[in-house]
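Undergrad: just coords:
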């Protein structure tokens, strides 16, 4: 049976034949004004009228800008969505009714309220369109959209610049170096530290990044770098600090950076460090130096210089400033990572070095400065198979399993951290991976025979790192809900459920750390000066325990400040307040605890991250918006003091955010111009709220310390805590080992992926170890 032929829609066209010939369906010679057939027949000939002439085009000069029109259209659509049309009853109008006028009322359906769990609302966020095809999109998760001030938000986004044009001056055709300039080979305390011509500020600020791929290799010669362009192992090794200086930087890293962002197995790394130091002294020909380990070593030295206190740096580097030392070690680490052919030929060590280098200076006010870093790290991690559970491969040792999980969850955590700050969706989706959580045992307990011993205990560091990964895994799920195209009250219920799970987990971990503290107070540990004992000290000490419990409270309160803005824009804020009456209390607690953390001198080893990387932008903006909505709140006076204190600490650092202090001086936290604009945006929002309350915004009514601000529902368990002693830094960082055992040399190159060191660990741990490394 053939299917019926589908007729195509016809387009009307003017007939060329005359009307009489066309009516009679006979041929027409189309002669005008009278065709031949009509002339012979003696009938009147006429032609149909042609198409009307095209309408004239009127040019309208639309002076309003596209951004203004889009903003106006957005406001009109929001008003239309909120306007309820009057309900009318459809009137039956039968055709036979004699007085039918032809006008029939259109029946309307009552729109559900915004809080209806079955009706989600849509919010596309905000897009700033600038000149030269520039643009900047932020979603409702971004802290700035809490205020809903379009003009102020556009001003903020327009000023997001990373550099000025003055830094690009130079003659046309100038070639920029493919690698950072060379630095002084040694860091002696007596050498001159004047900048060489290659290290002038103009050269340091050149754009020699790796955002663009190399030119294709048209010829075999194109695949070979010039000697002046390629870094060498000897050059990097020669430029490393001395052994004494390296020890200070390494142990500063282990106590300050590694305790916050663990990216390798500490004992395994130290084994490789001792072998490398022995090779530097003896130049043993049997030792084969791994460029991947060298990259990790250089990155550790750089990060150690960032977190090391100035007084400790001065003991080994003399008058060399931290800023100068950090800059030199950073350039050295960049060259070492390039030498390892990252990312073309990555390894776990080179990836860890890359993460250390590119995440240390992350700032919440300018999170997109590391957007390319997240993409590269995530893709390289997938190339290395880190998104798969390592135990499924069947040939990885416990150390390798632990390291692979650590690196993967570190990338997921940084991705979620950037997503929280930028208001953009996370790149990674935890639902697509099956990696198990990291082990919370101490580093010395992660070995082949720990199950046989049965006495392996958790460390404070293990509980802390596990809590960090657990929070950002849950935060990844919250971010995916917030960035869904439609947000409903059902999504709000799910986010609150996740938030309650986070709080329960954080409270449980606080209790676990308290139990370990009580155990250590009754059975104090002794240290013999070995590397393993020093690692145990950096993993479990009083300062780290207090810092971990403080962050557990911050992580439990953070989701409320992040979801406050989206709920307000989706008209779900009343539902949020109804389901969680203490939502604004958690925002106050977050800012209060954050300021307490910045004031704690014993938290200096981790101030590079808190408040170095993190800032309470969402919470401050939520408090300002709440003061606008509820000016008569009983806690309004104390809340204004809290906001003023945060602004005051920011003004003291030239709009570079809340900073900590070291030896009485503020620790510098430089920002790009776009990052400083974020704090100016908050100050303008505060000024508007203060003017609405009839207050003078130029006056900051705040005490000197956050402990003088008492807020209902905000606990202060550390109010009466005694000030730490003058030697608190050594206690937090851990003692530097004074003696080192003679290491048995295997005569083989160590595996780049942390394998091949189990025999050396066995010597320190006094336990048989004979596993196969991955």
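TA: Ah, there it is. On a predicted model such as this, the values are computed, not experimentally measured, just so you know.

Undergrad: got any ranges where the stretch 151-300 of the chain has weak pLDDT?
TA: 159-231 (pLDDT under 70).

Undergrad: ranges for the helices of it?
TA: Secondary structure of the stretch 151-300 of the chain (DSSP state H, counting those that start in this stretch): helices located at 201-204, 233-238, 243-252, 266-282, 291-307.

Undergrad: For residue 429, find the nearest of the ones you listed.
TA: helix 291-307 (27.9 Å; CB to CB). Where you see a C-beta, it was placed from the backbone N, CA and C, and this is true even at glycine.

Undergrad: Past that closest one, which element shows up next along the chain?
TA: Using DSSP states H and E, the helix or strand that follows helix 291-307 in sequence is helix 310-317.

Undergrad: Output the contacting helices and strands for that following helix.
TA: helix 243-252, helix 322-339, helix 728-733 (3 or more CB pairs under 8 Å, 6 or more residues apart in numbering; DSSP states H and E).

Undergrad: Just the buried positions in it, please.
TA: Applying a neighbour-count criterion of 16 or more other CB atoms under 10 Å, the buried positions in helix 310-317 are 312-313, 316-317.

Undergrad: do stretch 615-632 as well
TA: For stretch 615-632, burial by neighbour count (16+ other CB under 10 Å) applies to 615-627.

Undergrad: can you redo those as TSV with secondary structure, distance to residue 236 and pLDDT?
TA: Listed next are these as TSV, based on DSSP: H, G, I helix; E, B strand; the rest coil; distance: CB to CB, whole Å; pLDDT from 0 to 100:
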residue	secondary structure	distance to residue 236	pLDDT
615	coil	35	95
616	coil	40	96
617	helix	39	95
618	helix	41	96
619	helix	43	97
620	helix	43	96
621	helix	45	96
622	helix	47	96
623	helix	49	97
624	helix	49	96
625	helix	51	95
626	helix	53	95
627	helix	54	95
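
Undergrad: now these in a markdown table, with distance to residue 575?
TA: Shown next, in a markdown table, are those (distance: CB to CB, whole Å):
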| residue | distance to residue 575 |
| --- | --- |
| 615 | 28 |
| 616 | 24 |
| 617 | 24 |
| 618 | 19 |
| 619 | 20 |
| 620 | 23 |
| 621 | 20 |
| 622 | 16 |
| 623 | 20 |
| 624 | 21 |
| 625 | 16 |
| 626 | 16 |
| 627 | 21 |
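
Undergrad: wait, which of those is closest to residue 479?
TA: Of all those, residue 618 has the smallest distance to residue 479: 12.9 Å, by CB to CB.

Undergrad: Quick check: that closest one vs residue 126, distance?
TA: Look at residue 618 and residue 126: by CB to CB, to the nearest Å, they are 16 Å apart.

Undergrad: same for the helix ranked longest in the chain, what does it pack against?
TA: Longest helix of the chain, by residue count under DSSP state H: helix 489-522. Of the remaining helices and strands, those touching helix 489-522 by 3+ CB pairs under 8 Å, 6+ apart are helix 460-482, helix 542-569, helix 573-579.

Undergrad: Tabulate those helices (TSV), appending mean neighbour count, mean pLDDT and distance to residue 24.
TA: Formatted as TSV, the helices and strands packed on helix 489-522 follow (neighbours: other CB atoms under 10 Å; pLDDT from 0 to 100; distance: least, CB to CB, whole Å):
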stretch	mean neighbour count	mean pLDDT	distance to residue 24
helix 460-482	22	95	72
helix 542-569	23	95	70
helix 573-579	16	95	76
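
Undergrad: And those helices: which comes nearest residue 17?
TA: helix 542-569 (64.4 Å).

Undergrad: Check which helices and strands the closest one is in contact with.
TA: If you count contacts as 3+ CB pairs under 8 Å, 6+ apart, helix 542-569 packs onto helix 460-482, helix 489-522, helix 573-579, helix 583-599, helix 617-629, helix 728-733.

Undergrad: for those, which one sits closest to residue 697?
TA: Short answer: helix 617-629, nearest of the helices and strands packed on helix 542-569 by CB to CB, at 11.3 Å.

Undergrad: Please pull up the helix or strand immediately following that closest one.
TA: Taking DSSP H and E, what comes next after helix 617-629 is helix 636-651.

Undergrad: and the closest residue to residue 376 other than its chain neighbours, helix, strand or coil?
TA: Once flanking residues are discounted, residue 376 sits nearest to residue 343: 5.9 Å by CB to CB, 6 or more residues apart in numbering. Classification of residue 343 by DSSP: H, G, I helix; E, B strand; the rest coil places it in coil.

Undergrad: Likewise for the one 10 residues further on?
TA: The three-state label for residue 353, taken from three-state DSSP, comes out as helix.

Undergrad: per-residue pLDDT, it?
TA: Here, the pLDDT recorded for residue 353 equals 96.

Undergrad: Please name the residues that touch it.
TA: Contact partners of residue 353, counting by CB atoms under 8 Å, 6 or more residues apart in numbering, are 295-296, 298-299, 333, 336-337, 340, 342.

Undergrad: separation between it and residue 578?
TA: For residue 353, the distance to residue 578 - CB to CB - is 49 Å.

Undergrad: same deal with residue 385?
TA: Applying CB to CB to residue 385 and residue 578 gives a distance of 46 Å.

Undergrad: Over to residue 402?
TA: Distance, residue 402 to residue 578, using CB to CB: 44 Å.

Undergrad: Also residue 242?
TA: Residue 242 sits at a distance of 63 Å from residue 578 (criterion: CB to CB).

Undergrad: before we move on, what about residue 253?
TA: 48 Å.

Undergrad: How about residue 143?
TA: Taking CB to CB, one finds residue 143 at 23 Å from residue 578.

Undergrad: try residue 445
TA: The value you get for residue 445 to residue 578, if CB to CB is used, is 47 Å.

Undergrad: before we move on, what about residue 632?
TA: 19 Å.

Undergrad: next one: residue 509
TA: Note on residue 509: its distance to residue 578, by CB to CB, is 30 Å.

Undergrad: Number of residues surrounding residue 49?
TA: Using other CB atoms under 10 Å, the number of residues around residue 49 comes to 7.

Undergrad: secondary structure element for it?
TA: Using DSSP H and E, residue 49 sits in no helix or strand.

Undergrad: got a list of what the closest residue to residue 710 other than its chain neighbours touches?
TA: Nearest residue to residue 710, sequence neighbours excluded (CB to CB, 6+ apart): residue 638, at 6.6 Å. Residue 638 is in contact with 709-711, counting by CB under 8 Å, 6+ apart.

Undergrad: picking up where we left off before, buried residues, the longest helix of the chain. List them.
TA: Across helix 489-522, burial judged by 16+ other CB under 10 Å covers 489, 491-492, 495-496, 498-499, 502-503, 505-506, 509-510, 512-513, 516-517.

Undergrad: where does the spatially closest residue to residue 270 that is not a sequence neighbour land on pLDDT?
TA: With sequence-adjacent residues excluded and distances taken as CB to CB, 6+ apart, residue 270 is closest to residue 531, at 4.8 Å. Residue 531 is assigned a predicted lDDT (pLDDT) of 82.

Undergrad: Wait, residue 531 touches residue 267, no?
TA: Yes. Assessed by CB atoms under 8 Å, residue 531 is found in contact with residue 267 at 7.0 Å.

Undergrad: how many neighbours does the residue nearest to residue 376 have?
TA: For residue 343, the count of nearby residues is 16 (other CB under 10 Å).

Undergrad: Then residue 665?
TA: Other residues lying near residue 665 total 9 when counted by other CB under 10 Å.
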